[in-house]
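# Sequence first, predicted coordinates after that:
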Amino acid sequence: MSRLSRHRRLRPRKTPSQPRSAETVASIIEAAAQILETDGLEGFNTNAVARRAGVSIGSLYQYFPGKDALTVALMRRETMRFHEEAAAALDQRSGKAALEYLIGASVRQQFKRPVLARLLDIQESRPALRDAVPAVDTLQSLLVTIIKRAKPGQRRPEVVAGDLLAMIRGLVDAAGERGESDIEDLERRVRAAVFGYLSRISRG
C-alpha cells in the first residue's frame, strides 16, 4: 500500500459542515471510545461502533473509511483535550506551579479513562498509525516556556524539556500499564523525579 493511500485510509472521508453532522461525528468517536473500554481491541470494529452510536454503518462510512481512521480520530480528540488542559499551566502564578500543574494534567489524562488511555497507547505504537498521531511539538514548546520561567538561567531549555517530557510520559504510561489508580501517589512520584532532575542539572 502506498504512503498516499495509507494516509487516505487514516483520514476522515469528509469534515462535517453542519451542527447536526458534527454531533453525529462526535457521537461516533465517543462510541469508539466506549467500545474500546468495554470490549477491548478484540471487539473494536465499525459495526459495533455504529450500533453503539445509534447510526447506520453507511452513516459511519460517510465519515470514516475504517476502524483505523476512527482510532486516529479518537487519538486526535484525546490529544487535543490534553493540550487544551495543559495550556492552562501558563496561567499559574510561577514556573514551579506551572510545572506542577502540567504534571497533574498528565496524570489526570492517564487516569480519567485508564482503559482507554492504555489501549490508545498500544495503538499509537503501531507503525501504520505512528505518522498519523499528532506531533508533540506543542507540548515541547509549552515545556520550554515553563522551564524558562521556573529556571531562568537554564542554558539548554529545549534539551531539558525533551528530558522532562520523556520522564513524565514514561512514568505515567508505566503506571497505567500496571493498572495503578492512586492519582496523588503518582503525582508525588512524578514531581519528585522532575524536580529532582531539575535540581541536579541546575547544580551541574
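Nice, thanks for sending it over. Owing to the predicted nature of the structure, the values given are computational and were not obtained by experimental measurement.
# Just the element for the residue nearest to the spatial centre of the chain, please.
By CA atoms, centre = their mean, the chain has its centre lying nearest to Thr79, at 3.6 Å. For Thr79, the host element (DSSP states H and E) is helix 67-87.
# Which helix or strand contains the residue lying closest to Ile103 once chain neighbours are set aside?
Once flanking residues are discounted, Ile103 sits nearest to Val190: 5.0 Å by CB to CB, 6 or more residues apart in numbering. Backbone N, C-alpha and C define where each C-beta goes, glycine included. Val190 is part of helix 183-203, with elements assigned from DSSP H and E.
# what do you get for Leu143?
Following DSSP H and E, one finds Leu143 within helix 137-150.
# can you count the residues close to the residue nearest to Ile103?
Other residues within reach of Val190, judged by other CB atoms under 10 Å, total 23.
# The helix holding Leu143 to helix 67-87, inter-axis angle?
20 degrees (axes from the mean of the first three to the mean of the last three CA atoms, to 10 degrees).
# Any buried residues in helix 137-150, and which?
Residues 139, 142-147, 149-150 are the ones in helix 137-150 that count as buried (16 or more other CB atoms under 10 Å).
# List the residues that contact Ser94.
The contact partners of Ser94, by CB atoms under 8 Å, 6 or more residues apart in numbering, come to 149-150.
# Gln110 now?
Residues in contact with Gln110 (CB under 8 Å, 6+ apart) are 117, 172-173, 175-176.
# And the pLDDT at it?
On pLDDT, Gln110 comes in at 87.
# Let me know the next secondary structure element after the strand or helix carrying it.
Secondary structure from DSSP H and E places Gln110 in helix 95-112. Counting by DSSP H and E, the element after helix 95-112 in chain order, helix or strand, is helix 114-124.
# chain center to the next helix or strand along the chain from that next one: distance?
Using DSSP H and E, the next helix or strand after helix 114-124 towards the C-terminus is helix 127-130. Distance, stretch centre to chain centre, for helix 127-130: 15 Å (CA atoms, centre = their mean, to the nearest Å).
# Can you mark which positions in helix 127-130 are buried?
Counting neighbours by 16+ other CB under 10 Å, helix 127-130 gives Leu129 as buried.
# May I have the secondary structure class of Gly153?
The three-state assignment at Gly153 reads coil, by DSSP: H, G, I helix; E, B strand; the rest coil.
# Let's see the pLDDT reported for the residue nearest to it when sequence neighbours are not counted.
The shortest distance from Gly153 to any non-neighbouring residue, by CB to CB, 6+ apart, is to Ser202 (7.6 Å). Looking at Ser202, its pLDDT is 72.
# pretty sure Ser202 contacts Gln154?
Yes. Ser202 is in contact with Gln154 according to CB atoms under 8 Å; the separation is 7.1 Å.
# Does Ser21 lie in a helix or a strand, and which?
In this structure, Ser21 sits in helix 19-39 according to DSSP H and E.
# what packs against that helix?
For helix 19-39, the elements it packs on are helix 46-53, helix 57-63, helix 67-87, helix 114-124, judged by 3 or more CB pairs under 8 Å, 6 or more residues apart in numbering; DSSP states H and E.
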